[in-house]
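> would you be able to build a 3D model of this:
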Amino acid sequence: MDIGKAKLIDGWIPEIELEWLAEQASKSSCILELGSFLGRSTRAICDNTNGWVYSVDMWEQEGNKLEADFVAAFKQYQQNLKDHIDSGFLKVYKNTTDIAIERFLNSKIRFDFIFIDADHTYEQVRKDIIGCKKLLAPNGVLSGHDFNWEGVERAVRELAPNYKLHNYIWYTK
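All right, here's what the predicted structure looks like:
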């Protein structure tokens, strides 16, 4: 698995999780990532798939809890993933997860790997999981990050009771 370029991008996903994402991506041909920020996880996914990757993030936040410059973050994301964006195999959607999920539900696209790492509140994670379950191809993998966050853990336990863990990544088929 190639995570060399991903490791160079700032973010909260440790190497062990980047390797897991790379492994899942290598087995997937149509991937959805909800929450991309600077592109650390996106890079690990894109560098290890021969398929399509759909990346969704608002690159803005009400109340700016991360105290981040989201305009600069989006520009950095684009720079970090320029080669994949230019190839056409990485589709970037600057939107909320709710709107993105609704648009994908209205399309014929179904995903064999979905990674949720956007809003971490219970209510939003719950909505993301419910929506993404409808977008998952048969035998696909539904996963997400930050199981150690109370809202994430609660939503996963409720909606994906047969989940497994890989560090702070939760996943289920």
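> please count neighbours and contacts with C-alpha atoms only from this point.
OK.
> report the beta-bridge partners for the residue nearest in space to the middle of the chain.
The chain has residue 33 as the residue nearest its centroid, 2.7 Å off, counting by CA atoms, centre = their mean. For residue 33, the beta-bridge partners are residue 55, residue 115 (DSSP bridges).
> what about the helices in the chain?
4-7, 15-26, 40-46, 70-80, 82-87, 97-105, 122-135, 150-159 (DSSP state H).
> kindly export the first one (C-alpha atoms) in CSV.
Extracted as CSV, the C-alpha positions of helix 4-7 are listed here (Å, rounded to 0.1, in the frame of the first residue of the first chain):
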residue,chain,number,x,y,z
GLY,A,4,3.9,8.0,1.3
LYS,A,5,2.2,11.2,0.0
ALA,A,6,-0.7,10.9,2.4
LYS,A,7,1.7,11.0,5.4
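> tell me the buried residues in that helix?
By 16 or more other CA atoms under 10 Å, the buried positions in helix 4-7 come out as 6, 7.
> what sits against residue 111?
Listed by CA atoms under 8 Å, 6 or more residues apart in numbering, the contact set of residue 111 reads 29, 30, 31, 32, 135, 136, 137, 140.
> can I have the buried ones of the residues you listed as a PyMOL selection?
Command for PyMOL, covering only those of the contacts of residue 111 found buried under the criterion 16+ other CA under 10 Å:
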select buried, resi 30+31+32+135+136+137+140
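> and the contacts of residue 111, which of them are in strands?
In strands, judged by DSSP state E, the following of the contacts of residue 111 are found: 30, 31, 32, 136, 137, 140.
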